[in-house]
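**Q** Have a look at this fold, sequence not included:
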Ligand code: UN1
């Protein structure tokens, strides 16, 4: 959408800030209002489009995106910083979501039930809400807009999407692809702009019937409160402090590899990142050796270069936050087993690079054990039993993802049962999600319904229950 104002954001590569991707005009509050009006105008035709046909638009978008995986992944790496293989993985995950939701076009629907009344049939319909707002973070600039907008669109809604200000270009490619796939103009509009103003304009707009948000707890709490005040539907997917528990009978090589992948993949800038390792004392030193050896071997650098295993942080602010937590861990008496330094020499000079960092001897009450860092920092806590491990992990205010490495089935099942988290991984890292199974967390990590799978579609629909007496006489015998 064109803008009425001339504020411009310089979109740069976090691995090399002299690489300028674009000068992106920022939208204003008036632009956000205009986007909602466009969506209101586009909605009736889209609502009237049969759901299987809406699904076919997503299927075509999946095909178009598949033909452009490399180009999209390269842009994503330049704009966000994650390494190319991770960017490819993200693009492919978005394509899976498009494929899943394209099929949902054949299934959007309610159910039938028998009635207490003669000659009466009961059924429910799932119908679109109208105009919905979607607010997405910078760390999954392709997958997040896809995973929220695909269910919203197949359900028949018109969408105003506000991607993170740091990563607008990848989201714009998504819109291009959707329109090329046949999405009528105005059914999805993008507004780019400073979160507090433009985001708030959407969240508080009376015509916006639902808000789907992913981002920090701080902003999620505000979005939830403001939308709730005017009784709009809200789903917020927020932070995590995701723990891996390692028991003495675990495969320690597998555990070390999974923890390193979970902690340092995407430079730790992932709501499902592993930021806590809760290990049984009998295997602690062996596990820590395995983790530290692997962490030290990771080559940090520009994600476009072959052989690089970890990219930069996204911007100076994120770098300052992560370094602040490193100082805090040191000051609290934790032992820095590796990393902890910003990298500034040579090719690092132009980017926001930091070493993969591991703290051991961390106490459960330390801030680095309690708060989401959103960077490549792992805190290791030693425990003496599964009970103690559960106490540490369930004592956190977050409840997004979790993992256990163990062999004994009873230990694993008890963990699966008792861990307070929306997602549990067994013998695998805390990260990731798949289109066909709900994604989301509990406690501070999420509110308002799961994403992905059919649950993700339900959020974007309203149910209508129908009571139909096909003789018109059943009510005469009604006792209710
Ligand atoms: C993943 O772990 O693959 O903001 C996805 C985030 C999440 C996405 C994580 N919403 O990090």
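**A** Okay, I see it. Please read these numbers as outputs of a predicted model, since none were measured by experiment. Residues are numbered from 1 along each chain as shown.
**Q** what separates the residue lying closest to residue 214 once chain neighbours are set aside from the ligand, distance-wise?
**A** For residue 214, ignoring the flanking residues on the chain, the nearest one in space by Cβ to Cβ, 6 or more residues apart in numbering is residue 237 at 4.4 Å. In this view, the C-beta of every residue, glycine as well, is placed from N, C-alpha and C. According to Cβ to the nearest ligand atom, to the nearest Å, residue 237 and the ligand sit 5 Å apart.
**Q** Wait, residue 237 touches residue 272, no?
**A** No - counting by Cβ atoms under 8 Å, residue 237 stays clear of residue 272, with 10.3 Å between them.
**Q** Who has more neighbours out of the two?
**A** residue 237 (28 against 25; other Cβ atoms under 10 Å).
**Q** hey, what's the more buried one bridged with?
**A** residue 214, residue 446 (DSSP bridges).
**Q** so residue 379 sits in a strand?
**A** Yes - with DSSP: H, G, I helix; E, B strand; the rest coil as the criterion, residue 379 is assigned to a strand.
**Q** hey, what's it bridged with?
**A** residue 276, residue 359.
**Q** List the contacts of it.
**A** By Cβ atoms under 8 Å, 6 or more residues apart in numbering, the contact set of residue 379 is 275, 276, 277, 329, 334, 359, 362, 366, 368, 369.
**Q** Find me the pLDDT at the second one, would you?
**A** The pLDDT attached to residue 276 in the predicted structure is 98.
**Q** how near is it to the ligand?
**A** 16 Å.
**Q** again, but for the fifth one
**A** Residue 334 sits 25 Å away from the ligand when distances are taken as Cβ to the nearest ligand atom.
**Q** Name the residues of the stretch 351-480 of the chain found near the ligand, please.
**A** The stretch 351-480 of the chain comes close to the ligand at residues 431, 432, 433, as judged by Cβ under 6 Å from any ligand atom.
**Q** Going by neighbour count, which of those comes out on top?
**A** Neighbour max across these (other Cβ under 10 Å) = residue 431, 22 neighbours.
**Q** Might one say that that one is in contact with residue 271?
**A** No - Residue 431 sits out of contact with residue 271 when judged by Cβ under 8 Å, with a separation of 9.2 Å.
**Q** all strands of the stretch 1-150 of the chain, in order?
**A** Taking DSSP state E, counting those that start in this stretch to define them, one finds strands in the stretch 1-150 of the chain at 8-13, 16-25, 112-114, 120-128, 131-135.
**Q** from those, which stretch is densest packed?
**A** With neighbours defined as mean count of other Cβ atoms under 10 Å, these peak in mean count at strand 131-135, which reaches a mean of 28.
**Q** on contacts alone, who are the packing partners of that strand?
**A** In this structure, strand 131-135 makes packing contacts with helix 29-48, helix 143-154, strand 158-162, helix 200-203, strand 208-214, judged by 3 or more Cβ pairs under 8 Å, 6 or more residues apart in numbering; DSSP states H and E.
**Q** how many neighbours does residue 464 have?
**A** Residue 464 has 11 nearby residues by other Cβ under 10 Å.
**Q** And the one 5 residues further on, by the same measure?
**A** Residue neighbour count, defined by other Cβ under 10 Å, stands at 16 for residue 469.
**Q** distance of it from the ligand?
**A** Counting by Cβ to the nearest ligand atom, the gap from residue 469 to the ligand is 46 Å.
**Q** if we can go back for a sec, reformat the helices and strands packed on strand 131-135 as JSON lines; add mean neighbour count.
**A** JSON lines is the format used below for the helices and strands packed on strand 131-135 (neighbours: other Cβ atoms under 10 Å):
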{"stretch": "helix 29-48", "mean neighbour count": "18"}
{"stretch": "helix 143-154", "mean neighbour count": "28"}
{"stretch": "strand 158-162", "mean neighbour count": "28"}
{"stretch": "helix 200-203", "mean neighbour count": "22"}
{"stretch": "strand 208-214", "mean neighbour count": "25"}
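**Q** got these as CSV, with distance to the ligand columns?
**A** Conversion of these to CSV gives the following (distance: least, Cβ to the nearest ligand atom, whole Å):
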stretch, distance to the ligand
helix 29-48, 23
helix 143-154, 6
strand 158-162, 15
helix 200-203, 18
strand 208-214, 5
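**Q** Can you tell me which of those is nearest to residue 263?
**A** Nearest to residue 263 among the helices and strands packed on strand 131-135 is helix 143-154 (19.7 Å), distances taken as Cβ to Cβ.
**Q** model confidence over the closest one, on average?
**A** The average pLDDT for helix 143-154 rounds to 98.
**Q** I'd like to know which elements that helix is packed against.
**A** Using 3+ Cβ pairs under 8 Å, 6+ apart: helix 143-154 touches helix 51-66, helix 84-104, strand 131-135, strand 158-162, helix 168-180, strand 208-214, helix 453-459.
**Q** Just put those in JSON lines and tack on mean pLDDT.
**A** Rendered in JSON lines, the data for the helices and strands packed on helix 143-154 read as follows (pLDDT from 0 to 100):
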{"stretch": "helix 51-66", "mean pLDDT": "98"}
{"stretch": "helix 84-104", "mean pLDDT": "98"}
{"stretch": "strand 131-135", "mean pLDDT": "98"}
{"stretch": "strand 158-162", "mean pLDDT": "98"}
{"stretch": "helix 168-180", "mean pLDDT": "97"}
{"stretch": "strand 208-214", "mean pLDDT": "98"}
{"stretch": "helix 453-459", "mean pLDDT": "96"}
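**Q** quick one: residue 133 and residue 439, what's the gap?
**A** Here the distance between residue 133 and residue 439 works out to 20 Å (Cβ to Cβ, to the nearest Å).
**Q** now do residue 107
**A** 19 Å.
**Q** swap in residue 150?
**A** The separation that residue 150 has from residue 439, given Cβ to Cβ, amounts to 13 Å.
**Q** Which one, of the strands of the stretch 1-150 of the chain, ends up nearest to the ligand?
**A** With Cβ to the nearest ligand atom as the criterion, the ligand lies closest to strand 131-135 of the strands of the stretch 1-150 of the chain, at 11.8 Å.
**Q** okay, the angle between the closest one and helix 143-154?
**A** Between the direction of strand 131-135 and that of helix 143-154, the angle (axes from the mean of the first three to the mean of the last three Cα atoms, to 10 degrees) works out to 170 degrees.
**Q** circling back to that earlier point, as CSV, the strands of the stretch 1-150 of the chain with distance to residue 248 would be great.
**A** Rendered in CSV, the data for the strands of the stretch 1-150 of the chain read as follows (distance: least, Cβ to Cβ, whole Å):
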stretch, distance to residue 248
strand 8-13, 45
strand 16-25, 45
strand 112-114, 51
strand 120-128, 49
strand 131-135, 44
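**Q** Buried residues in stretch 241-250, which are they?
**A** 241, 242, 243, 244, 245, 246, 247, 250 (16 or more other Cβ atoms under 10 Å).
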